[in-house]
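> Requesting a structural model of the entry that follows:
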Amino acid sequence: MKNSILLLFTIIACFSSDLHAQQTKINSGNKQYDSYAYVDAIKTYEKVAAKGYKSEDMFKKLGNAYYFNSDFQNAAKWYGELFAMNPNPEPEYYFRYAQSLKSAGDIAKANKLLEEFNAVSKNDSRGKLYREDLNYLDQIKANSGRYQIEDAGINSQYSDYGSFVYNNKVYFASARDTGNFVQRKHKWTGEYFTNIYNADLNPATGTASKVNKFKSAINTKFHEASPVFTKDGKTVYFTRNNYIDGKKGKDESRVTLIKLYKAELGKDGKWTNIAEFPFNSNNYSTAHPALSPDEKTLYFASDMPGSFGESDLYKVTINSNGGFGPPQNLGNKINTEGKETYPYLTSENEIYFSSDGHPGLGGLDVFVANIDNNGKVSNIQNVGADVNSPKDDFAYIIDTETRRGFFTSNKDGGQGSDDIYRFLETRRLKCIQQLYGIISDAETGLALPGAKVTLYDDQMNLKNSAVADGSGLYNFDVECGKTYFVRAEKPEFATKEVNITIDKTSGKTNLPIALEKSTCKVTVGDDLGKCFGIKMIYFDLDKSNIRTEAALDLEKILAVLNDNPSMKLDIRSHTDSRASHQYNEALSDRRAKSTIQWLIKNGIAPNRLTGKGYGETELVNKCADGVPCTEAEHQANRRSEFIITAL
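The predicted structure is shown next:
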């Protein structure tokens, strides 16, 4: 009995000692993790896990450490352990586990997790984007098969990433400088710090050779990447760790983040006046600059306050004196709660960028969107599975004339952790459909050859026009996902307009249009508007600017005036009795004159048009001041008339 008790104490003591040792290692791993030494943290945590230790916090950090290093296969393993312990962790882990599973090839389980993520995350845009586009894989498939892709010929066994082409050289970042035995490694990735390199480029083929380290004060003992040169070669913008003039900056947790810098080319050919951007901070990162084609705007990625996610895309105005305006977030149309990074602008009003927040194949995918002069983003599309993979794909650049370019990926089959690939785009991404149909007589069903068919976009801008062939057939090439108006006209038939929204994938859309016989015969004194069923010209409330709906009807009046050059019109605008007599008369008069000005602006001679506003003086029913009336009765008094005064 005595020996049994002694043995029990010995076992308890050993067990306690083992627990203490495990906790010591966990504490060490936590310290490494908190200082972003993910490679060391992984080693420490996995040693403890191998001995059977289980902890929800440790599984989260193990998954994250692999996730932040884009090792999604191992991230999926440890997130799986996390969900086995706790099926309902914080919403972010649903998303990260789903992304990791995509990269591991388990698309079905990943999509199930994204469904659950959307349910638990409430207002997270990443879940909404998935829910709104459940067939995103079909879109990616439709956008694939458009590239010839090859190794860029400049890669090493280390990380090589990001590229910019200037003066027949391709510039990129590389961790290949192993230096001597004191060369430092980055604890986040376990690789050496990156410097900027360049290689001679054959512009005809896109092949690169003769890799050289960029000999400049721009390169330091810390990270440099993402150089962007101005067209005159006198200024370069780039990313670097928070390090300048031999001094290293740190945030409140004593971590050195990354910042944007610029340098100027001196007369001696050396880069000088290296300075950080005024909106940089020790407490957030700014990185990966890109210039607009006119070089008046600089785009970049940052997690500065006001960001939607881990990193957002921003822009700043470059002032004429070389200074900068305030940073502007590109908005939640493009930015998500995830990571948006590596912007690239083209002369075709496009912005390429990488994101793990928009639906993709896993990790970072490359996307493209239209961007107007005001920075408004629209029509975001995944560029397809040629470039994108289940891993991280980013830093896409393209020459819009040759359609050659480069991107970076850590996809399987590369030489290092990240590799640069060159490509030739063989087919443009823009999704085109054929919109077609037969113009026919609504009464007989017979085709109407020679009918005029006009195509407008959703803002009523003229896009194309055609004449129906001998079979009454018309066709237009249109863009996928957009809304169009199609107008069909034929003498002795009433003009008809139909709107349609094109599917998001390539193919054909059939839109037949049946026209009714025109029974309207007009003479002097008649209201031309009644021929087209125009009861009123629509204006915004209490305003006199022409609305889109009004423009559609005025186009019909315009067509008749053009077909009848001797016709003259008196345009009369009326209101109901609600509001004062004086106000109604002034408002209706402004509206009549606005209608006249629209017709004049579109080519009608001023001497063919007269007009006046009559306010509430010519009501068509009993609805005068103080008389109870229905909305429909008031509506009858709000009308526009186009009285023919000469033919």
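> switch to C-alpha atoms for all contacts and neighbour counts from now on
Fine.
> At which residues are the helices of the protein located?
Ranges of helices in the chain, per DSSP state H, are 2-34, 38-50, 56-68, 72-85, 91-104, 107-121, 125-132, 136-142, 528-531, 548-563, 581-601, 631-637.
> from the chain's centre, how far out does the second one sit?
If you compare the mean C-alpha spot of helix 38-50 with that of the full chain, they lie 38 Å apart, counting by Cα atoms, centre = their mean, to the nearest Å.
> Output the contacting helices and strands for it.
helix 2-34, helix 56-68 (3 or more Cα pairs under 8 Å, 6 or more residues apart in numbering; DSSP states H and E).
> need the least confident one among those helices, by mean pLDDT.
Mean pLDDT is lowest for helix 2-34 among the helices and strands packed on helix 38-50, at a mean of 61.
> For residue 521, grab the count of nearby residues.
8 (other Cα atoms under 10 Å).
> Please tell me how far it sits from residue 487.
Note on residue 521: its distance to residue 487, by Cα to Cα, to the nearest Å, is 22 Å.
> Residue 511 now?
To residue 487, residue 511 is 11 Å away according to Cα to Cα.
> Same check on residue 396?
Per Cα to Cα, residue 396 is found 41 Å from residue 487.
> Looking at the two, which has the bigger crowd around it?
More neighbours surround residue 396 than the other of residue 396 and residue 487, with 26 against 18 (other Cα under 10 Å).
> Can you name the residues that contact the residue nearest to the more buried one when sequence neighbours are not counted?
Spatial nearest neighbour of residue 396, excluding adjacent residues (Cα to Cα, 6 or more residues apart in numbering): residue 407 at 4.2 Å. The contact partners of residue 407, taken as Cα atoms under 8 Å, 6 or more residues apart in numbering, are 161, 162, 163, 387, 393, 394, 395, 396, 397, 420, 421, 422.
> Now rank the residues you listed by neighbours and give me the top one.
residue 420 (30 neighbours).
> quick one: that residue from residue 222, how far?
21 Å.
> Same check on residue 25?
From residue 25 to residue 222 the distance is 29 Å (Cα to Cα).
> Kindly report the same for residue 63.
27 Å.
> Retrieve the pLDDT associated with the residue nearest to residue 396.
97.
> again with residue 582
On the pLDDT scale, residue 582 gets 92.
> quick one: contacts for it?
Contacts for residue 582 (Cα under 8 Å, 6+ apart) come out as residue 615.
> So for residue 63 and residue 222, which residue has more residues nearby?
Taking neighbours as other Cα under 10 Å, residue 63 and residue 222 compare with residue 63 leading, 28 against 18.
> The spatially closest residue to residue 74 that is not a sequence neighbour: neighbouring residues, count only.
Once flanking residues are discounted, residue 74 sits nearest to residue 66: 6.3 Å by Cα to Cα, 6+ apart. Residues lying near residue 66 (other Cα under 10 Å) number 23.
> Over to residue 492?
12.
> Could you find the closest non-adjacent residue to it?
Per Cα to Cα, 6+ apart, closest to residue 492 is residue 518, 5.2 Å.
> How about the contacts made by the one you found?
Counting by Cα under 8 Å, 6+ apart, residue 518 touches 492, 493, 494.
> Go through the residues you listed and name the one nearest residue 242.
Distance to residue 242 across those (Cα to Cα) is lowest for residue 494, with 69.6 Å.
> Kindly provide the distance from the closest residue in space to that closest one that isn't next to it in sequence to residue 297.
Spatially, and ignoring its direct neighbours in sequence, residue 494 is nearest to residue 518 (4.9 Å; Cα to Cα, 6+ apart). Counting by Cα to Cα, the gap from residue 518 to residue 297 is 55 Å.
> Could you give the backbone dihedrals for residue 90?
Backbone torsions for residue 90, taken as degrees, to the nearest 10, come to phi -60, psi 150.
> residues near it, how many?
With other Cα under 10 Å as criterion, residue 90 counts 12.
> per-residue confidence for it?
What the model reports for residue 90 is a pLDDT of 90.
> so where do the strands sit in the stretch 401-550 of the chain?
Secondary structure of the stretch 401-550 of the chain (DSSP state E, counting those that start in this stretch): strands at 404-409, 419-425, 432-441, 452-457, 462-467, 473-479, 483-489, 496-501, 507-510, 513-515.
> same deal with the stretch 151-300 of the chain?
Using DSSP E, counting those that start in this stretch, strands in the stretch 151-300 of the chain cover 160-166, 169-174, 195-201, 208-213, 224-229, 235-241, 243-244, 247-248, 258-265, 271-276, 286-291, 297-302.
> Include mean pLDDT and distance to residue 635 when you put the ones you listed into JSON lines, please.
Shown next, in JSON lines, are those (pLDDT from 0 to 100; distance: least, Cα to Cα, whole Å):
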{"stretch": "strand 160-166", "mean pLDDT": "94", "distance to residue 635": "62"}
{"stretch": "strand 169-174", "mean pLDDT": "93", "distance to residue 635": "66"}
{"stretch": "strand 195-201", "mean pLDDT": "92", "distance to residue 635": "70"}
{"stretch": "strand 208-213", "mean pLDDT": "88", "distance to residue 635": "71"}
{"stretch": "strand 224-229", "mean pLDDT": "94", "distance to residue 635": "60"}
{"stretch": "strand 235-241", "mean pLDDT": "93", "distance to residue 635": "61"}
{"stretch": "strand 243-244", "mean pLDDT": "78", "distance to residue 635": "70"}
{"stretch": "strand 247-248", "mean pLDDT": "74", "distance to residue 635": "71"}
{"stretch": "strand 258-265", "mean pLDDT": "93", "distance to residue 635": "60"}
{"stretch": "strand 271-276", "mean pLDDT": "92", "distance to residue 635": "63"}
{"stretch": "strand 286-291", "mean pLDDT": "96", "distance to residue 635": "53"}
{"stretch": "strand 297-302", "mean pLDDT": "96", "distance to residue 635": "49"}
